[in-house]
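Enquirer: I would like the atomic coordinates for the input below:
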Amino acid sequence: MSESKIISKSKELLSKIPFGVSLLRPLYHKFFKQRLIDRRKRVFQQNALSVISDFHDCMEDCGRFYTLAFGTMLGAVREKGFIKHDFDIDVYMWSEDYSQEIQKDLEEKGFRIVQSFVVDNGLSGREETYEKDGVGIDIFYVYPAVDQLPYCCDFLTTPDCITFEIEMKKYGGVVCRRLEMPFERERELTDFEDIRLYVPKNAKNLLSFRYGPDYMIPNPNWTVSGYDNHFVVWKEKKGIYKQFN
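Expert: Got it, this is the predicted structure:
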């Protein structure tokens, strides 16, 4: 059993004990979570470039559209590589390009799907996580505007639940948020260490919108609540979480 699954199982078991959640949180954050983060960073530093290169080659071979997203896009623009405190890979795809064949294409390149979230069976939101060589790739699907700007979704739990599995059992779904940003479909290749990857043509505008106008200055203490991040809690929607073995 992998370390992450051991931690997840421990959290699930302790959550069944009265006051287990409140007892577990300090332990999880001080030991389990930090241990997992340290391991993920080591593996990421060793394998991330080859993994993102394999992902790019897969998308090119299959004629599928993607661009780098969030911290990975920030690294491409600012560092011409990964930012030092990142330990996963983020990409955008567009909702109209989604196909079940994507999973098949990636599996043929050695990736495996780890988890997924859907809203309205994927009609209103979708996020998928794949993994290869211990490195995760989060695919955020971009949807047409509900309000003024296109959006992708992210997902989280309520304070009384510490895993998505527990949230699903207790509430029948997980908390869904829309991240509304000026996504555009046009893209271009950019240097990324010793390979070339796709970023949106308006990457600088997206990064300023997401991280603030000083995004070119490294800030290892940045948090998602540290800037006007344009999250909208989608109260009338629930995300459906699925974990894959």
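
Enquirer: need the next SSE after the longest helix that the chain contains, C-terminal direction.
Expert: For the chain, the helix that runs over the most residues, judged by DSSP state H, is helix 33-62. Downstream of helix 33-62, the next assigned helix or strand under DSSP states H and E is strand 67-68.

Enquirer: For the following helix or strand past that next one, C-alpha coordinates in PDB please.
Expert: The first helix or strand that comes after strand 67-68 along the chain, using DSSP H and E, is helix 70-78. Extracted C-alpha coordinates of helix 70-78, given in PDB (Å, rounded to 0.1, in the frame of the first residue of the first chain):
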ATOM      1  CA  PHE A  70      -1.700  27.800 -12.600                       C
ATOM      2  CA  GLY A  71       1.700  27.200 -11.000                       C
ATOM      3  CA  THR A  72       3.100  25.200 -13.900                       C
ATOM      4  CA  MET A  73       2.200  28.100 -16.300                       C
ATOM      5  CA  LEU A  74       3.800  30.500 -13.800                       C
ATOM      6  CA  GLY A  75       7.000  28.500 -13.800                       C
ATOM      7  CA  ALA A  76       7.000  28.500 -17.600                       C
ATOM      8  CA  VAL A  77       6.700  32.300 -17.900                       C
ATOM      9  CA  ARG A  78       8.800  33.300 -14.900                       C
END
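
Enquirer: Tell me which residues are up against helix 70-78.
Expert: 52, 67-68, 81-83, 86, 89-91, 140, 190, 192, 197, 199-200, 203-204, 206-207, 210-211, 215-216, 218 (C-beta atoms under 8 Å, 6 or more residues apart in numbering). Just so you know, the C-beta spots here come from the backbone N, C-alpha and C atoms, and that holds for glycine as well.

Enquirer: got the buried residues for that helix?
Expert: If you call a residue buried by 16 or more other C-beta atoms under 10 Å, then helix 70-78 has these buried ones: 70-77.

Enquirer: Could you do stretch 85-92 as well?
Expert: Neighbour-count burial for stretch 85-92 [16+ other C-beta under 10 Å]: 86-92.

Enquirer: ok, now stretch 182-191?
Expert: 183, 187, 190.

Enquirer: what is the mean pLDDT for the strand or helix carrying K104?
Expert: For K104, the host element (DSSP H and E) is helix 101-108. Average pLDDT, helix 101-108: 97.

Enquirer: Then stretch 216-232?
Expert: On average, stretch 216-232 scores 75.

Enquirer: Over to that stretch now: how far is its first residue from its last?
Expert: Stretch 216-232 has an end-to-end distance of 26 Å (C-alpha to C-alpha, to the nearest Å).

Enquirer: show me what contacts K84?
Expert: 218, 220.

Enquirer: what's the answer for L123, then?
Expert: Residues in contact with L123 (C-beta under 8 Å, 6+ apart): none are found.

Enquirer: what are the ranges of the strands in the chain?
Expert: Remark: strands assigned in the chain by DSSP state E are 67-68, 89-94, 112-119, 125-132, 135-142, 151-156, 175-180, 187-192, 195-200, 231-233, 240-243.

Enquirer: So which of the buried residues of stretch 182-191 is the closest to R177?
Expert: F183 (15.6 Å; C-beta to C-beta).

Enquirer: And for the closest one, nearest residue in space, chain neighbours not counted?
Expert: In space, F183 comes closest to P150 once its chain neighbours are excluded; the distance is 4.3 Å by C-beta to C-beta, 6 or more residues apart in numbering.

Enquirer: swap in E127?
Expert: In space, E127 is closest to F117, 4.6 Å off (C-beta to C-beta, 6+ apart).

Enquirer: Tally up the residues packed near the one you found, please.
Expert: Neighbours of F117 under the rule other C-beta atoms under 10 Å: 22.

Enquirer: Identify the bridge partners of it.
Expert: Listed beta-bridge partners, F117: E127, Y241 (assigned using DSSP bridges).
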